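K.L.:
sequence plus the predicted model coming up.
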Amino acid sequence: MSRIILQPSGNKDAREHYDDTILNPVGVNSISNFLSDKEKNIISKIYPNNKLFIWGVTPGGNNISKWNKINQGDVTLFSKDKRIYSSGVTTYKFQNKDLALFLWDKNSKNQTWEYIYLLDEIKTHNIPYVDFNRCIGYKENYVIQGFNVLDKEKSEKVLNRFNLFSDTYIEEIDVSYFNKISLDLDITEQSYTGLRRLEQGFLRKNLFKNHTLFSCCCCKKEYPVSFLVAAHIKKRSHCNNKEKLDENIVIPLCKFGCDELYEKGVLVVQNGEFTSSRKNENENIKLYIDSIKDKRCNYYDTNTSEYFGWHYDFYN
Ligand SMILES: [Zn+2]
């Protein structure tokens, strides 16, 4: 589950860094000398336009152990003057002293902000501390001090209350962990919602990996992944637990029509090709499906053919 990172940024250094590397994203070309090939490869998938939002913390205090807890999908809250003024979703992290020196130089203690994490989906907010404090049960006059990572329970409250979840960046979820908690938990309404989010996150992560742009497997158009659904090939409500956790159960479909048509069963896959189902009587829907030039479904294989077959039979 994603966590909340608190990042007060009222002091002079932090204000400057926010200007230098968040408000003004950094071009990959200007820092590529500092990155390994592996890092460049990962970053190019996450940031196809090559503009990075970069943040970092110094090794001072307990910062390193806190930084170690950060994962992809964690949401950073920037705050100053008793309010949270922006948020960003963590995409990737790495330690790099030379890069930090290049970007931000050193502080008065001769340290640099070398524990770096990259952000995306920067959003502005105006959340007074008092609202934040109420949400997690802090005293109303509490002031966020210092870089910190909230525990899972508090993070969940803040993510829900201020609607900060990302569709694009999702924490890596271990299938055995997921299996265990989904079996152990008493399914109350609240834990059910959390589990569904975890399951959906697990499947999205497996499907989209670190890509932020991805193609709809029906119309073949490329979109930001927030416009794509990890759509169940076989209706989820008809899947057993094993099928629900099978990473082959989902395909990428766009929100511009393909997902809706497949979900409603007017679009089906027959012998590996998208086609109109018999159920469809609407001429415009038929035209939409006819207009797709390449009707092959690249996700049709021995792992998925039964799921596609189930869907076809269900709607024909
Ligand atoms: Zn599509």
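P.N.:
Done, it's in. None of these values were measured; they are calculated from a predicted model.
K.L.:
ranges for the strands of the protein?
P.N.:
Using DSSP state E, the strands of the chain run over 4-8, 26-27, 51-57, 75-80, 83-95, 115-128, 148-149, 213-215, 222-224, 228-232, 250-254, 267-270, 273-276.
K.L.:
what's the closest of those strands to the ion?
P.N.:
strand 250-254 (3.3 Å; Cβ to the ion). Where C-beta positions appear, they are placed from N, C-alpha and C, glycine not excepted.
K.L.:
what's the closest one packed up against?
P.N.:
Packing partners of strand 250-254 (3 or more Cβ pairs under 8 Å, 6 or more residues apart in numbering; DSSP states H and E): helix 189-208, strand 228-232.
K.L.:
between strand 250-254 and the longest one, find me the angle.
P.N.:
Relative orientation of helix 189-208 versus strand 250-254 (axes from the mean of the first three to the mean of the last three Cα atoms, to 10 degrees): 80 degrees.
K.L.:
going forward, the N-terminal residue is numbered 751.
P.N.:
New numbering, starting at 751: the last item is helix 939-958.
K.L.:
quick one: helix 939-958 to chain centroid distance?
P.N.:
The chain centre lies 12 Å from the centre of helix 939-958; the measure is Cα atoms, centre = their mean, to the nearest Å.
K.L.:
flag every buried residue along it.
P.N.:
Of the residues in helix 939-958, 944, 947-958 count as buried by neighbour count, 16 or more other Cβ atoms under 10 Å.
K.L.:
ditto for the shortest one
P.N.:
Residues L978, V979, A980, A981, H982 are the ones in strand 978-982 that count as buried (16+ other Cβ under 10 Å).
K.L.:
what's the closest of those residues to L849?
P.N.:
L849 lies nearest to L978 out of the buried residues of strand 978-982, by Cβ to Cβ, at 31.9 Å.
K.L.:
and that closest one, bridged to which residues?
P.N.:
Beta-bridge partners recorded for L978 (DSSP bridges): C1004.
K.L.:
contacts only, for it.
P.N.:
F958, F964, C966, P1002, L1003, C1004, K1005, D1009 (Cβ atoms under 8 Å, 6 or more residues apart in numbering).
K.L.:
repeat that for V839.
P.N.:
So V839 contacts G823, D824, V825, T826, L869, D870, E871, S916, T918, Y919 (Cβ under 8 Å, 6+ apart).
K.L.:
cutoff 6 Å now
P.N.:
V825, D870, E871, S916, Y919 (Cβ atoms under 6 Å, 6 or more residues apart in numbering).
K.L.:
kindly reformat those as a markdown table containing pLDDT and neighbour count.
P.N.:
Shown next, in a markdown table, are those (pLDDT from 0 to 100; neighbours: other Cβ atoms under 10 Å):
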| residue | pLDDT | neighbour count |
| --- | --- | --- |
| V825 | 96 | 24 |
| D870 | 94 | 19 |
| E871 | 92 | 18 |
| S916 | 84 | 22 |
| Y919 | 79 | 27 |
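K.L.:
so what's the residue count around whichever residue of the stretch 751-900 of the chain sits closest to the ion?
P.N.:
Distances between the stretch 751-900 of the chain and the ion by Cβ to the ion are smallest at P798, namely 18.8 Å. Counted with other Cβ atoms under 10 Å, residues neighbouring P798 total 13.
K.L.:
the residue lying closest to it once chain neighbours are set aside bridge partners, please.
P.N.:
Nearest non-adjacent residue to P798, counting by Cβ to Cβ, 6 or more residues apart in numbering: L963, 5.4 Å away. Under the criterion DSSP bridges, L963 forms beta bridges with P974.
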